[in-house]
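**Q** Any chance you could fold what I've pasted below:
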Amino acid sequence: MKHPTPAAEDYLKTIYAHTEWQPNPITPSVLAARLGVAPSSVTEMVKKLAAGGLIEHVPYGPLTLSRTGFLRATAVVRRHRLIETWLVRKMGYDWHEVHDEAEVLEHSISDRLLAAIDDRLGHPSADPHGDPIPAEDGSLTRPDAILLAEAAPGHVGAVVRISDRDPDILRDLAVHRVGPGTRLTVLEPGVVRLPGGGICRLSSAAARSIWLTS
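**A** Numbering: from 1, shown residues only. Model prediction:
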């Protein structure tokens, strides 16, 4: 598969993203749920990706990216996160609005325009949600972090990353001025003290969407 289709790129990106912040490999059933497609569609695409040397898979086992698949995936992730950063910094979008826009643009943007965006932004290392932006060679620096939901009471840390999967969570956190760099003190599961001393009670989903410095 010399030039993956947009659909194939979405599969590779989702496989990559699943294990970016936690170690458990993704299974075909989880991949189907994440992409919102039928299991039969996943089975067909997995066969194509494996035949193209982009993933490694044994029947009923988890999916892992090959080296070639990893480089393809990080290239898509790089485009996606640079576009999100550009939309927030230069185009006036809010951080909860950019994911879907980037999903579309990432498949059509030219290398020349992407390079210009990267240069205009000053070569950012992370997107508006704190996700690291891979370099052109696929390398990136991911900070040590702990999931807020798993942090012990008394833990103090700066927000490293907030998942962008749920725009409602992003909107709610913006109301409390919680974003990458915000320093939080964990008081009890789902309850944090904000920099100004206020108390914020988070939903279980929100607490599992935030990573703090460990």
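
**Q** check contacts around residue 61.
**A** residue 27 (Cβ atoms under 8 Å, 6 or more residues apart in numbering). (C-beta placed from N, C-alpha, C; glycine too.)

**Q** List the buried residues in stretch 53-64.
**A** In terms of neighbour count (16 or more other Cβ atoms under 10 Å), stretch 53-64 has its buried residues at 54-55, 62-63.

**Q** residues near residue 147, how many?
**A** For residue 147, the neighbour count with other Cβ atoms under 10 Å is 16.

**Q** Torsion angles phi and psi at it?
**A** phi -70, psi 130 (degrees, to the nearest 10).

**Q** domains for the protein, by residue range?
**A** Listed by automatic domain parsing, the domain ranges of the chain are 1-141, 145-213.

**Q** Can you lay out those as TSV showing mean pLDDT?
**A** Shown next, in TSV, are the domains of the chain (pLDDT from 0 to 100):
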stretch	mean pLDDT
domain 1-141	95
domain 145-213	96
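
**Q** ok, which stretches of the chain are helices?
**A** Along the chain, the segments classed as helices by DSSP state H run 6-18, 28-35, 39-51, 67-91, 98-105, 111-120, 167-175, 204-207.

**Q** circling back: farthest-separated two in the buried residues of stretch 53-64?
**A** Farthest apart among the buried residues of stretch 53-64 by Cβ to Cβ are 54 and 62. That separation is 15.0 Å.

**Q** what would the helices of the chain look like in TSV with mean neighbour count?
**A** As requested, the helices of the chain are exported to TSV (neighbours: other Cβ atoms under 10 Å):
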stretch	mean neighbour count
helix 6-18	20
helix 28-35	16
helix 39-51	15
helix 67-91	21
helix 98-105	17
helix 111-120	13
helix 167-175	16
helix 204-207	16
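
**Q** Out of those helices, which gets nearest to residue 194?
**A** Per Cβ to Cβ, nearest to residue 194 of the helices of the chain: helix 167-175, 10.8 Å.

**Q** For residue 152, which of the helices of the chain is the nearest?
**A** Comparing the helices of the chain by Cβ to Cβ, helix 204-207 comes nearest, at 13.1 Å.

**Q** What lies in contact with that closest one?
**A** With Cβ under 8 Å, 6+ apart, helix 204-207 has contacts from 147-149, 166, 169, 172-173, 189-190.

**Q** which one of those is nearest residue 80?
**A** Once Cβ to Cβ is applied, the member of the contacts of helix 204-207 that ends up nearest residue 80 is residue 166, at 16.9 Å.

**Q** List the contacts of that closest one.
**A** 205, 209.

**Q** thinking again about what came up before, switch the helices of the chain over to CSV; also include distance to residue 129.
**A** Below are those laid out as CSV (distance: least, Cβ to Cβ, whole Å):
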stretch, distance to residue 129
helix 6-18, 12
helix 28-35, 17
helix 39-51, 26
helix 67-91, 8
helix 98-105, 9
helix 111-120, 17
helix 167-175, 8
helix 204-207, 13
